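Visitor: whatever this is, show me its structure:
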Amino acid sequence: MMRKIFPALVAVIAVTATGCTHDDDQSGVPAATTAPSTPSVSASAAVHYPSPAASVSPSRSASPSRATASASRATSVAGASRGHETHGQGSSHPRHVSHARAAQPVPAHSSSRKPVSAHSSSRKPVSAHLSSGRVSRFAPGTSVAADVSQQVMVADRTSGTRGTWARYQWRGSAKGWIKVSSSGVGSVFGQGGVVPSGRRRQGTRTTPAGTFGVVSAFGVGNPGTKLSYRTIGPCSWWIEDPSQRDYNRWREDCSHLSTSDNERLADYAGSLYRQAAVLSYNYASPTRHGAGSGAGIFLHYATRYTGGCVAVNSHSELDATLRWLDPAQNPRIVIKA
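Guide: Numbering: from 1, shown residues only. Modelled structure (predicted):
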C-alpha cells in the first residue's frame with residue numbers, strides 16, 4: 001500500500017516547489033523596480049528603450065514556461081516604469097528597463113522626451129499683484145484716477161472738526177498707489193463743520209467737501225516746493241471782500257484794509273500760516289454770493305479747528321507735503337465729510 005502512495009506524494013511536493021520558484025523569479029529585473037501597487041499598462045502603450053547587454057543574465061537558463069512568465073513580468077515592470085515617467089517621478093536610466101524590451105523598436109521622438117515635473121524649472125512664477133487682481137488706478141478712498149493726478153491727498157472727517165490724513169503717490173501700473181504721508185498725522189476742519197462744496201457759503205466757517213486742485217503756496221520762506229511760492233510780508237493780504245475786483249486773490253497793500261472783510265496774512269505767519277497752500281475751491285471764476293461762495297480756502301496748520309480751511313496737525317508733515325507737491329503731477333486734495 002505504501003509503495004503505491006509514496007510516488008504520488010513525491011509528485012505533489014515537486015509541483016508545489018515549482019510554483020514557489022515562479023513567484024520569486026524576477027526575470028533579471030532588480031527587485032527594487034517592481035511596483036506591485038502601480039496598475040500595469042499594456043506593452044503596446046509603453047515607451048520602450050534599448051537595454052544594455054549587461055542587463056541579460058547569461059548564467060540563467062529558463063524553461064519555456066518560465067520564459068513566458070519572465071516576459072509577462074517584464075511587461076508589467078515596463079508599464080510601471082512608464083506610469084512613473086508620465087508624472088515626472090521615474091527615471092529613464094537603463095537599470096529600470098527589462099531586457100525583454102530590447103527587441104522592441106525605439107520611437108524616433110523618444111530620445112528627446114524629457115520628464116515633466118510638477119515643479120519644473122520651466123514654469124514661470126506669477127507675480128503677486130497679478131494673482132490678486134489688477135492694480136487699481138484710483139487713489140485709495142477716492143475717485144481720482146492716475147490718468148488725472150499722480151499725487152493725491154485725502155482729508156477724511158471722522159467726527160467734529162477732526163479726521164484722518166493721507167498722501168498717496170502713483171508709482172506706475174506695477175506698484176500702484178503708495179502712501180507717503182507721515183504716520184499719526186490727523187486733519188482739522190472748519191468750526192462750522194464740513195459741507196458739500198456746492199452748498200458752502202461765505203461766512204459760515206465751514207469747510208467745503210469735494211476734490212480740488214492746488215494753485216500755489218505761501219509762507220515765511222520756501223521750504224523747497226515746486227509750486228509757485230510767495231513769501232508773506234507786512235503788507236500781504238488775502239482779499240475776501242466780494243465787492244473787490246481781486247476777490248479771492250493775494251494782494252500787496254500797505255494801506256489799512258478792513259480786517260473784517262479781508263485777511264492780513266502776517267497776523268498768522270507765526271504758526272497757522274507758517275506754510276500754506278492755496279486750494280482751487282471757488283478760485284478760477286469766483287462766486288461772490290450764495291451757494292458755492294467763499295474765499296481763502298487753504299491747506300495749513302491747525303490743531304483744534306479752522307475758519308473754513310482744511311489743515312493738518314503737524315508742521316513737519318505740512319513742510320513735507322509742500323516739498324512733495326509737484327504741479328507737473330496735477331496734485332489733488334480730496335476733502336470728505
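
Visitor: use CA for all of it now, contacts and neighbours both
Guide: Fine.

Visitor: secondary structure class for residue 225?
Guide: coil (DSSP: H, G, I helix; E, B strand; the rest coil).

Visitor: now residue 324: closest residue in space that isn't a chain neighbour?
Guide: In space, and not counting its chain neighbours, residue 324 is closest to residue 225: 6.8 Å by Cα to Cα, 6 or more residues apart in numbering.

Visitor: can you count the residues close to that neighbour?
Guide: For residue 225, the count of nearby residues is 19 (other Cα atoms under 10 Å).

Visitor: what do you get for residue 286?
Guide: The tally of other residues near residue 286 (other Cα under 10 Å) stands at 18.

Visitor: you'd agree it is in a helix?
Guide: No: assessed by three-state DSSP, residue 286 does not belong to a helix; its assignment is coil.

Visitor: that one touches residue 248, doesn't it?
Guide: Yes: assessed by Cα atoms under 8 Å, residue 286 is found in contact with residue 248 at 7.2 Å.

Visitor: now residue 314: how far from residue 219?
Guide: Distance, residue 314 to residue 219, using Cα to Cα, to the nearest Å: 15 Å.

Visitor: between those two, who's got more neighbours?
Guide: Using other Cα under 10 Å, the more surrounded residue of residue 314 and residue 219 is residue 219, with 24 against 18.

Visitor: contacting residues around that one?
Guide: Contacts for residue 219 (Cα atoms under 8 Å, 6 or more residues apart in numbering) come out as 229, 230, 231, 232, 269, 273, 274, 275, 276.

Visitor: and it, what are its phi and psi?
Guide: phi 160, psi -160 (degrees, to the nearest 10).

Visitor: that one pairs with what?
Guide: For residue 219, the beta-bridge partners are residue 231, residue 275 (DSSP bridges).

Visitor: now do residue 312
Guide: Per DSSP bridges, the residues bridged to residue 312 are residue 187, residue 301.

Visitor: what's the burial count for it?
Guide: Residue 312: 23 neighbours (other Cα under 10 Å).

Visitor: that one touches residue 304, doesn't it?
Guide: No: using Cα under 8 Å, residue 312 is not in contact with residue 304; the gap is 10.0 Å.

Visitor: which residues do these two both contact?
Guide: Common neighbours of residue 312 and residue 304 (Cα under 8 Å, 6+ apart) are residue 188.

Visitor: tell me the contacts of the residue nearest to residue 324?
Guide: Residue 225 is in contact with 322, 323, 324, 325, 326, counting by Cα under 8 Å, 6+ apart.

Visitor: with secondary structure, pLDDT and neighbour count as new columns, can those residues be given to me in CSV?
Guide: Formatted as CSV, the contacts of residue 225 follow (DSSP: H, G, I helix; E, B strand; the rest coil; pLDDT from 0 to 100; neighbours: other Cα atoms under 10 Å):
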residue, secondary structure, pLDDT, neighbour count
322, helix, 98, 21
323, helix, 98, 15
324, helix, 98, 19
325, coil, 98, 23
326, coil, 98, 17
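
Visitor: go through these and say which is closest to residue 178.
Guide: Using Cα to Cα, residue 324 is the member of these that lies nearest residue 178, at 13.3 Å.

Visitor: how much space between that closest one and residue 216?
Guide: 13 Å.

Visitor: could you list the low-pLDDT ranges of this structure?
Guide: Within the chain, the segments meeting pLDDT under 70 span 1-133.

Visitor: so where do the strands sit in it?
Guide: Along the chain, counting by DSSP state E, strands occupy 151-159, 162-170, 177-179, 186-188, 194-196, 207-219, 229-231, 236-239, 250-252, 262-264, 275-279, 298-301, 310-312, 332-336.

Visitor: mind putting these in CSV, distance to residue 134 included?
Guide: Below are the strands of the chain laid out as CSV (distance: least, Cα to Cα, whole Å):
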stretch, distance to residue 134
strand 151-159, 20
strand 162-170, 15
strand 177-179, 12
strand 186-188, 30
strand 194-196, 32
strand 207-219, 25
strand 229-231, 38
strand 236-239, 45
strand 250-252, 44
strand 262-264, 48
strand 275-279, 32
strand 298-301, 33
strand 310-312, 32
strand 332-336, 23
